[in-house]
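K.L.:
Quick check, what structure comes out for this input:
(chains A and B)
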Amino acid sequence: MELLRRPNGTEDILPSVSRDWQVLEGMLRETAGSFGFSEMRIPTFEQTELFERGVGETTDVVQKEMYAVVAGNDRFTLRPEGTAGTIRAILQNGMLNEALPLRVYYILSCFRHEKPQAGRLREFHQFGVEMIGSPQPSADAEVISLAGRILERLGVKNTQLHINSIGCPTCRKAYHTALKAYFEPHRAELCETCQERLNKNPMRLLDCKSPECQAINKDAPMITDYLCESCSEHFEKLKANLTMLNIDYTVDPKIVRGLDYYTKTVFEFVTTDIGAQGTVCGGGRYDGLIGQLGGPETSALGFGMGLERLLLTLKNQGMTLSQPQGCDLYLVPMGDAAADLCLQLTAALRKEGISAQTDVMGRSLRAQMKYADKIGARFTAVIGDNELEQGEAALKNMQSGEKLTVKLDDSFTEHFSAIEIADRLSKD
RNA sequence: GUGGGUAUAGCGUAGCUGGUUAACGCGUCAGUUUGUGGCACUGAAGACCGUCGGUUCGAAUCCGACUAUCCACCCCA
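P.N.:
Below is the predicted model:
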């Protein structure tokens, strides 16, 4: 029988790393909570049209990276990102009638049919945040500061915050015209994709990494010079707020998000420690999206964080989030009667929150001791005929080798607890 | 979608100027005399050498295709 393989671009999260995920997720929840955000959970798939309208029909994500789900005559799509579905759920459940601003977060998996590489998977996990209802720059500052706080708490090093404003539809129109006017004379010198972009979305030209295009980009007009009064004020105020909050940033006129819904503020946290896909967090304001999805015109913004990228960054920086599972006490039975008692004792220990194990392999004493050592048991106790007769057993501290005698009666758990706590304290 | 690299036991590797039972380290399991782990020693299990086809008397070793994987472009988290 041939073994079936996991689909390309997906990952199995094995016990050796699942604890990192648990710690990471716990920390995300806690930090988001401290900023007043509550969790939302939405379906893994949505009507395809939601993404076409929300993310934008001309985007790469929608045009060539979506996983279609066909069931009977219905057409759905596995979510390629979290914002569209979250906004849909907010509208469908009338949540805009709740106290504004709405602050929600989610931890979910996203699906994009791209070619996998370092930091890029076909199923990846995202922590995302949406803050709905405020057009104020202070809202932008709050959201960015949440992202920054998370990175800080995780101990991620070498990340940089890049911000930009891509304006509202009004100022963007003027900017497009200016860009076209600038690039048109250079058309022949541009790379092929950029010649395309010049027609469709000139802002994308700024992103290009090909040396020829970058040389031309250098002197291209900057969006920041074309922002309308209100967008420009918004951006200035945001920068002032960030400075006030001691959040370092660099204005990077070249950030252009690839999702259509962004307006005004866009930002990303970038690292150089994980290869080419260095964006660990990306987000921005999307004042037009809710209207586009059929809701009332409402200001909003948010960000997404790639959890695999976060974990990869930490790993490459030599950081660890979690310790292995471990075991407080391993009971070594010798003989059937002892085995029964050990089974009962482990059950009793666990009720008190102690992680306990005993033999389920029928192994020899020596083999059991080796096993206890391998799983990192902090204490062991051999229980055989002698112990059963005397009604007490020697508790061995695996690190120091020290032994203590404990009675094998109802007080066992209690006594072990005391010894275990004492041991823990002596190490601090 | 486009380029380039790689593909040998669970993991990490050697072998790759073609020639009998594919090697090593780690890990796993058992044991080193009868009741105590870490070290050391002994032994065992575990690989149709990614798949298919070609060249050849003969291929892990040469060639091709496919698949997977990695890196980069693109795009994004």
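K.L.:
hey, what's A:Thr263 bridged with?
P.N.:
Applying DSSP bridges to A:Thr263 yields these beta-bridge partners: A:Arg285.
K.L.:
List the residues that contact the nearest residue to A:Arg120 once chain neighbours are set aside.
P.N.:
Nearest residue to A:Arg120, sequence neighbours excluded (Cβ to Cβ, 6 or more residues apart in numbering): A:Gln277, at 5.0 Å. C-betas here are computed from N, CA, C, even on glycine. A:Gln277 is in contact with A:Gln117, A:Ala118, A:Gly119, A:Arg120, A:Arg309, counting by Cβ atoms under 8 Å, 6 or more residues apart in numbering.
K.L.:
out of those, which touch RNA strand B?
P.N.:
Filtering the contacts of A:Gln277 for neighbours of RNA strand B using Cβ under 7 Å from any atom of the strand leaves A:Gln117, A:Ala118, A:Gly119, A:Arg120, A:Arg309.
K.L.:
Show me what the mean pLDDT comes to for stretch A:24-34.
P.N.:
Here stretch A:24-34 scores 98 as its mean pLDDT.
K.L.:
and it, how far from the chain's centre?
P.N.:
Chain-centre distance of stretch A:24-34: 10 Å, with Cα atoms, centre = their mean, to the nearest Å.
K.L.:
Narrow the ones next to RNA strand B among the contacts of A:Gln277 to those in helices?
P.N.:
Using DSSP state H, the members of these that fall in helices are A:Arg309.
K.L.:
From the ones next to RNA strand B among the contacts of A:Gln277, list just the buried residues.
P.N.:
Buried by 16 or more other Cβ atoms under 10 Å: A:Gly119, A:Arg120, A:Arg309, out of those.
K.L.:
from those residues, which single one is nearest RNA strand B?
P.N.:
A:Arg120 (4.1 Å; Cβ to the nearest atom of the strand).
K.L.:
Give me the pLDDT for the residue in the stretch 1-150 of chain A that RNA strand B sits nearest to.
P.N.:
Here the stretch 1-150 of chain A gets closest to RNA strand B at one residue, A:Ala118, 2.6 Å apart by Cβ to the nearest atom of the strand. We have a pLDDT of 88 for A:Ala118.
K.L.:
show me what contacts it?
P.N.:
A:Ile274, A:Gly275, A:Ala276, A:Gln277, A:Leu312.
K.L.:
Contact distance from RNA strand B - what residues of the stretch 1-150 of chain A qualify?
P.N.:
Residues of the stretch 1-150 of chain A lying near RNA strand B by Cβ under 7 Å from any atom of the strand: A:5-9, A:59-61, A:65, A:81, A:112, A:114-121, A:124, A:126.
K.L.:
Off-centre distance for the helix or strand in which A:Tyr105 is found?
P.N.:
A:Tyr105 is part of strand A:102-111, with elements assigned from DSSP states H and E. With Cα atoms, centre = their mean as the basis, strand A:102-111 stands 9 Å off its chain's centre.
K.L.:
Just the CA coordinates for that strand, please, in CSV.
P.N.:
Extracted in CSV, the C-alpha atoms of strand A:102-111 (Å, rounded to 0.1, in the frame of the first residue of the first chain):
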residue,chain,number,x,y,z
LEU,A,102,-15.9,47.4,17.1
ARG,A,103,-12.6,45.7,18.0
VAL,A,104,-12.4,42.1,16.9
TYR,A,105,-9.6,39.7,16.2
TYR,A,106,-9.3,36.2,14.7
ILE,A,107,-6.8,33.3,14.4
LEU,A,108,-7.5,31.3,11.3
SER,A,109,-6.0,29.5,8.3
CYS,A,110,-6.0,31.0,4.8
PHE,A,111,-5.5,29.3,1.5
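K.L.:
can you list contacts of the top helix by length along chain A?
P.N.:
Ranked by number of residues, the top helix in chain A under DSSP H is helix A:15-34. By Cβ under 8 Å, 6+ apart, the surrounding residues in contact with helix A:15-34 are A:13, A:39, A:105, A:107, A:127, A:129, A:146, A:149-150, A:153-154, A:305, A:307, A:310-311, A:314, A:320-325.
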